[in-house]
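Q: sequence and predicted structure below; questions after.
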Amino acid sequence: MHAFIFDLDGVIVFTDNFHYQAWKKMADNLGIYFDEKINNRLRGVSRADSLDIILERYDGVLSIAEKAGLMEQKNNDYRCLLETMTPKDVSHEVRDTLLKLRQMGFRLAIGSSSRNAGFILEKVGLTGLFDALSDGNNITRSKPDPEVFLKAAEFLNIRPASCAVVEDAYAGIEAAKSAGMTAIGIGDAAKCDEADYRIASFCELIKIAGQLRVC
Ligand code: BG6
Ligand code: MG
């Protein structure tokens, strides 16, 4: 095992509530019912697919241009909320674990569906810790398709079988397995039977890393 590929939202940082606030504003403007339970369905899902899920409760018909406008506005609102993020939004546990994994000789990458991943990493001061960034800007199919993780492995120049993915979304665990990678579930995905490992806290990765290194 040579590399860890991390999902970003829900694993390294927690921006679910920012997504929720920005989508909620849009839904309220359109008179669409939207709550946190529906927001949970958007985890790991692309921006366009997220909009389609929210519009399941919309009776009208929207043109492609109108949908694009809604997504742009939502993203502007979301980016305003992201602007408030600082390095304090990453826990000591996460930062220390990432540093330890690097010291152990692992290469680290991000595999996120978000087009704002680079911006978020900058805001929280983590950009320099990762050797590669695969995100919503370099994929055409979002999770559960394995594309985002396969691209990360390609950017790292490491074969998929030598990569372990850390994910909080079921769709991400499915994507990791389809990519032929080891899947580690955390948060919501810590309940996912398909995951090879299920962890309650981020620092448990050090123990798993020790086991994987001898494989
Ligand atoms: C994922 C989030 O990381 O990124 C999803 O879990 C989100 O909820 C997706 O829809 C796309 O994000 P963005 O930042 O490109 O709108
Ligand atoms: Mg996630």
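A: Looks like it came in fine. Ligands and ions are numbered 1, 2, ... in the order given.
Q: count of residues packed around residue 198?
A: 16 (other Cβ atoms under 10 Å). All C-beta atoms are positioned from the backbone trio N, CA, C, and that covers glycine.
Q: what's the answer for residue 135, then?
A: Other residues close to residue 135 by other Cβ under 10 Å number 22.
Q: return the residues in contact with it.
A: By Cβ atoms under 8 Å, 6 or more residues apart in numbering, the contact set of residue 135 is 8, 110-115, 117-118, 148.
Q: in the protein, where's the longest helix?
A: What stands out as the longest helix in the chain, according to DSSP state H, is helix 64-82.
Q: which residue ranges of this protein form strands?
A: 3-6, 107-111, 132-134, 163-167, 182-185, 197-198 (DSSP state E).
Q: residues in contact with the shortest one?
A: Under the criterion Cβ under 8 Å, 6+ apart, residues 182-186, 189-192, 208 lie in contact with strand 197-198.
Q: switch to 7 Å and redo it
A: 184-185, 190, 208 (Cβ atoms under 7 Å, 6 or more residues apart in numbering).
Q: okay, those residues in CSV with distance to ligand 2 and neighbour count next?
A: Compiled in CSV, those are given as follows (distance: Cβ to the ion, whole Å; neighbours: other Cβ atoms under 10 Å):
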residue, distance to ligand 2, neighbour count
184, 13, 26
185, 11, 25
190, 12, 16
208, 18, 19
